[in-house]
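J.: Dropping the sequence and predicted coords here.
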Amino acid sequence: MSAGGNKYVTVASGKDGGAVQCCFYGWIIVFTCILCKIFKVQGENKVMTYTVPHLMEEFQFSHAHLGGFFSAATIMAGTAQPMLGKAVDYFGGRICISLLQLAIGVSLAVFAHWYCAENRPLLRMEAVSVFFLLRILCLGAGETFPNALVQQWFHKKRGRAIGVIFTTQWLGQALFGTFIAGIVDRYGWREAAMLGAAVNLALAPVSLLLLRRSPEVCGLMPDGSTPKDSAIVIVAEEAPETKDNLKEEETPTDLRKFWAHFGLTFFYAMMFGGSDFYMVEIIEEASPMPEVSAVSVPWHIFTPLAVVTSIALPAVGELMDAHSSHSKWLPPSLLALACILGSIATLMLSSIRSWFAAVCYGVLRGISTGILQTLLLAGLCFSAQGVSRAEIGRILGSNLLCNLVGTGSAPFLFGICRDLFGSFGVSLCVPSVPMLFLAVYFTHQALWFKTDGSAVQGLVV
């Protein structure tokens, strides 16, 4: 404790601190966040797609009705994401993630005990309420909370940490999702939901025990570095007059700077959210003779998608760590590439008639997803543009609002197109065209940074 009430964080590592650390605790944080992300998958479209046919049969919902319920619930869940982003900035990831897993467990248990009501208006209200709980937790807070916490613990190695957590998440979700699909087919969707509830309830105390809101509260620094190595002095507790001066100087990041990025997140979510939700039916529509095409959605689409994404995620993360600080053209270049590959993959989905075409779809989409998740959902693109750790939750929450609105509108759009036109072809084109226009915009932005060399990035309106 120094004069004037200032308390500085010291790091006990190596020769400077008098103790030797065999492992930076941030990697324990990463491991715990991975568990959170894997076992929230039952509220996501890639696993809900196995439950959708059973819900339509048991509750007598049409495509448009079920899609409309999911859309309304997801959009409602999206409106709460900026508030949840601010909550994780204020309360920290330890408290937020533990409460999240507890809430997911309770919500899945409620979902498993949901039965068809004779009163149809009441049934519709129940559907929106149940789907709202699953979407706000699994698609919303389940992404914002872990992503924001990881950015608290890593700075120079942020891309590597994000790559590890998203890679393991995709592989784990692919295995657990396939396992859940087998349980749904063999035992039923209610039993699968109860299994997910039990796992999340068991993980809640584990997260409370292992997680910490930031390295500073443990006497550490981001990346496990020392003040000498990082050339950053972190002040844990400032004098009152110093804190007042800092608050006056702080200026929140203008969200208009990221409107193009938020728009990309919206159409990306619409494109893949709708196709995932109706993936089984889209493939059956494209392959009138499934016994000949032998296309398996879990093995020929989602498994290659998970494998390629798990490779693309760390590759993009390492690339950002190595070059983003001095190559401002890199993030928009990667975003443009993701737009092009994602559009091509989506447009070819309606013509998949063989397992080889399905695998090609998974590969193209995997590359696109790896780029977009690393830069947008994980927030590396925002951090590269100067968003601080203190407000990264707010930015991620705003971005996730666009993600959930896109995801929420997709099932309704795809269901309406299916009921009106008798196929999913039109709905696959709707988000693909804006993605191509965004590819042109980000290509132009990358060329501008390449030639101009300016450090200012983003769209300001």
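T.: Happy to help now that I have it. Numbering: from 1, shown residues only.
J.: excluding its backbone neighbours, what's nearest Trp299?
T.: For Trp299, the nearest residue in space outside its immediate sequence neighbours is Thr178; the separation is 7.7 Å by CB to CB, 6 or more residues apart in numbering. Where you see a C-beta, it was placed from the backbone N, CA and C, and this is true even at glycine.
J.: and the gap between that neighbour and Asn200?
T.: Using CB to CB, to the nearest Å, Thr178 is found at 19 Å from Asn200.
J.: Give me the more crowded residue out of these two.
T.: For Thr178 and Asn200, the more surrounded residue by other CB atoms under 10 Å is Asn200, and the numbers stand at 28 against 18.
J.: hmm, back to that, who are the contact partners of the residue nearest to Trp299?
T.: Pro298, Trp299, Phe302, Thr303 (CB atoms under 8 Å, 6 or more residues apart in numbering).
J.: Touching, Val426 and Asp419? I think so.
T.: No. Using CB atoms under 8 Å, Val426 makes no contact with Asp419, being 11.5 Å away.
J.: Please say which of these two ends up with more neighbours.
T.: Set side by side, Val426 and Asp419 show unequal neighbour counts under other CB under 10 Å, the larger going to Val426 at 16 against 13.
J.: Tell me the secondary structure of the closest residue to that one other than its chain neighbours, please.
T.: With CB to CB, 6+ apart as the measure, Cys417 is the residue that lies nearest to Val426, at 4.7 Å, once sequence neighbours are left out. In three-state terms, and counting by DSSP: H, G, I helix; E, B strand; the rest coil, Cys417 is helix.
J.: hang on, isn't Cys417 packed against Pro411?
T.: No. Counting by CB under 8 Å, no contact exists between Cys417 and Pro411, whose distance comes to 10.9 Å.
J.: Looking only at neighbour counts, state which of those two leads.
T.: Summary of the neighbour comparison: Cys417 and Pro411, criterion other CB under 10 Å, with Pro411 having more neighbours (31 against 23).
J.: Quick check: the gap between that one and Pro121.
T.: Remark: distance between Pro411 and Pro121 (CB to CB) = 20 Å.
J.: any chance you could map the helices in the stretch 301-450 of the chain?
T.: For the stretch 301-450 of the chain, the helices identified by DSSP state H, counting those that start in this stretch occupy 303-323, 330-348, 355-372, 380-384, 392-421, 425-452, in order along the chain.
J.: Average pLDDT for the helix or strand encompassing Thr32, rounded please.
T.: Taking DSSP states H and E as the definition, one finds Thr32 inside helix 26-38. The average pLDDT for helix 26-38 rounds to 93.
J.: Now do the buried residues in the very next helix or strand once past that helix.
T.: Per DSSP H and E, helix 26-38 leads on to helix 45-59 as the next helix or strand towards the C-terminus. Taking 16 or more other CB atoms under 10 Å as the basis for neighbour counts, the residues of helix 45-59 that come out buried are Asn45, Lys46, Val47, Met48, Thr49, Tyr50, Thr51, Val52, Leu55, Phe59.
J.: Helix 45-59: how far from the chain's middle?
T.: Between the mean C-alpha point of helix 45-59 and the mean C-alpha point of its chain there is a distance of 22 Å (CA atoms, centre = their mean, to the nearest Å).
J.: Over to stretch 175-195?
T.: Centre-to-centre, stretch 175-195 and its host chain are 22 Å apart (CA atoms, centre = their mean).
J.: Okay, now it: how far is its last residue from its first?
T.: In stretch 175-195, first residue to last residue: 15 Å (CA to CA, to the nearest Å).
J.: List the buried residues of that stretch.
T.: Here stretch 175-195 shows 176-178, 180-181, 183-184, 189-190, 192-195 as buried, counting by 16+ other CB under 10 Å.
J.: try stretch 102-122
T.: Along stretch 102-122, the positions that meet the burial threshold by neighbour count (16+ other CB under 10 Å) are Leu102, Ala103, Ile104, Gly105, Ser107, Leu108, Ala109, Val110, Phe111, Ala112, Trp114.
J.: Nearest to Ser324 among those residues?
T.: Out of these, the one with the shortest distance to Ser324 is Ile104. That distance is 33.2 Å, counting by CB to CB.
J.: Tell me the pLDDT of the closest one.
T.: 95.
J.: That one should be in a helix, yeah?
T.: Yes. Note on Ile104: a helix contains this position according to three-state DSSP.
J.: contacting residues for it?
T.: With contacts taken as CB under 8 Å, 6+ apart, Ile104 has the following neighbours: Lys40, Gly43, Leu137, Cys138, Gly142, Gly196, Ala197, Asn200.
J.: same thing but at 6 Å, please
T.: Contacts were defined as CB atoms under 6 Å, 6 or more residues apart in numbering; by that measure Ile104 touches Lys40, Leu137, Asn200.
J.: State the number of residues packed around Leu171.
T.: Applying the criterion other CB under 10 Å, we find 17 residues in the vicinity of Leu171.
J.: now do Thr253
T.: Should you count by other CB under 10 Å, Thr253 turns out to have 18 residues around it.
J.: which ones are touching it?
T.: Taking CB under 6 Å, 6+ apart as the criterion, Thr253 is in contact with Val387.
J.: From Thr51, how far off is it?
T.: From Thr253 over to Thr51 the distance is 39 Å, taken as CB to CB.
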